[in-house]
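**Student:** Attaching a predicted model along with its sequence, questions to come.
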Amino acid sequence: MLFVRGSASDTMWPTYISMRQTQLFTRTRKEAPKDEVAKNAQLLIRAGYIHKEMAGVYAYLPLGIRVLEKIKQIVREEMNAINSQEIVMTALQRKELWESTSRWDDEVVDVWFKSKLKDGAEVGFGWSHEEPIGEMMKSYLSSYKDLPVSVYQFQTKMRNEKRAKSGIMRGREFVMKDMYSFAADEQSHLAYYESTKPAYMNVFNRLGLGDDTFITFAAGGAFTKFSHEFQTICEAGEDITYINKAKGIAINEEVLNDETLKDLGVTRDELEKVNTAEVGNIFNFGQQKSTDLGLSVKDAEGKETAVWMGSYGIGITRVMGVLVEKFADEKGIVWPKSVAPFQVHLVMISGGNEDVAAEANRMYDELQEHGIEVLFDDRDVRAGEKFADAELIGIPTRIVVSEKTMAQGGVEVMDRKTGTVSFLADSKVIEHLTE
Ligand code: ATP
Ligand code: MG
């Protein structure tokens, strides 16, 4: 019922249910923890979406999970649409595997968390998965006929990041969607690589970030001169990007030099400097990674050839932070409809009047019957407190049932984003919400 866009098979997660606020164990707070400096985490903690365990490490609470799962579902649908298959790799990783690609060394990869098994063998906590997935694929790929293949996962990555001052936008534990593609020849490899760009833009469009997200030339790595990052304009972002909207060009500061400008046919003064957050990136490994790993298939002539590989990330929890940073106002969070934890915040202002309570409960049932996800503020607290909480939590539509609205035979509807208040007759409510 909820995920109308994809096919039935896209709906891995159960339809989300509505909820009474008296049953929600979290509550809003006036203040965020003193040591929390990021706006996104401050608001998410105050509203009860996340709990701070330590710097850069956050737990996701009932409201937070709903947002996270909705972001994941959008990503899932778009990755399924480019024929990627969902998997889940392991968090514990083998040292030998990363040694084979020279990436076990802390001098090379500076974010490793490592530990030891009881017998003394070293293991790493997954900060990325191209090595394990490439290695695993040796068990399944033997001929060019087995290709192309693309797999993806949602997983909690562990990274010993030096700085953790950006709230959930830079975690030491964070959720990433990482996808890996395998192809038999350069042409099909590049075709897949290119197909991920519109798929990624579909994701960011559906998240309401499309207009401010740019496919950005960035430092390349093994095979190509540039990689591509998806950079979203955001004050709190840690990156600096140079953008020319008209020409559709964006360049990460890291690679802004005369050669890049010449390559891309722009001049420095045609570019606008903006703060951005990297919400995703795509890498072309060519045959390098698979050569290191020994991942090959037989080509049409029966000759072993290294597989062409690409990797494609999206920062799921970072995106959630970016949405808070970009859309929040002085009163609190403002979620886009596509990822809001509920569509409607139904606020009962009964003042002990049982008729009002009965009407609010009837409205709660009716909304649910129409598949609308509702957070029902059925608490016995002051109206002012309810309204302030609703603004902090940021659900797109607030509906108030009170003595006053009942006397007029309807409800008060407020749009969280615009603040527009309107009155709707009872008979028009469902129509208004489902149009
Ligand atoms: P950054 O330059 O921001 O550290 P990265 O180059 O290390 O990112 P990848 O390793 O390619 O990024 O990870 C893929 C995506 O995961 C990134 O585009 C970003 O959106 C997200 N991401 C990376 N590190 C973090 C983190 N510490 N916390 C939250 N999200 C992250
Ligand atoms: Mg990083």
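**Tutor:** Arrived safely. Residues are numbered from 1 along each chain as shown. Ligands and ions are numbered 1, 2, ... in the order given.
**Student:** Contact distance from ligand 1 - what residues of the protein qualify?
**Tutor:** 128, 159, 161, 170-171, 174, 176, 278-281, 313, 315, 317-318 (Cβ under 6 Å from any ligand atom). C-betas here are computed from N, CA, C, even on glycine.
**Student:** Would you report which members of those are assigned to helices?
**Tutor:** Among the residues of the chain next to ligand 1, the subset assigned to helices under DSSP state H consists of T317, R318.
**Student:** Tell me the bridge partners for the residue in the stretch 51-200 of the chain that ligand 1 sits nearest to.
**Tutor:** Residue of the stretch 51-200 of the chain nearest ligand 1, by Cβ to the nearest ligand atom: F174 (3.6 Å). Beta-bridge partners for F174, by DSSP bridges, are K157.
**Student:** per-residue confidence for it?
**Tutor:** Looking at F174, its pLDDT reads 98.
**Student:** returning to what we had before: pick out whichever of the residues of the chain next to ligand 1 sits closest to V75.
**Tutor:** Among those, G280 lies closest to V75 (Cβ to Cβ), at 9.3 Å.
**Student:** May I ask you to confirm that L295 is in contact with I133?
**Tutor:** No - counting by Cβ atoms under 8 Å, L295 sits too far from I133 to count as a contact (9.8 Å).
**Student:** Most widely separated two among the residues of the chain next to ligand 1?
**Tutor:** E161 and G280 (17.8 Å).
**Student:** and those two? which has more neighbours close in?
**Tutor:** When neighbours are counted by other Cβ atoms under 10 Å, E161 and G280 differ, and G280 comes out ahead with 26 against 18.
**Student:** That one and S227 touch, don't they?
**Tutor:** No - between G280 and S227 there is no contact under Cβ under 8 Å: 11.1 Å.
**Student:** SS state for F285?
**Tutor:** Of the three states, F285 takes strand under DSSP: H, G, I helix; E, B strand; the rest coil.
**Student:** Count the residues that sit near it.
**Tutor:** For F285, using other Cβ under 10 Å, the count is 24.
**Student:** That one and T405: what is the separation?
**Tutor:** 60 Å (Cβ to Cβ, to the nearest Å).
**Student:** how about low-confidence regions in the stretch 151-300 of the chain?
**Tutor:** 221-222 (pLDDT under 70).
**Student:** need the helices for it, in chain order.
**Tutor:** 186-206, 258-264, 288-293 (DSSP state H, counting those that start in this stretch).
**Student:** Mean neighbour count for these - can I get that in TSV?
**Tutor:** Shown next, in TSV, are the helices of the stretch 151-300 of the chain (neighbours: other Cβ atoms under 10 Å):
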stretch	mean neighbour count
helix 186-206	18
helix 258-264	13
helix 288-293	20
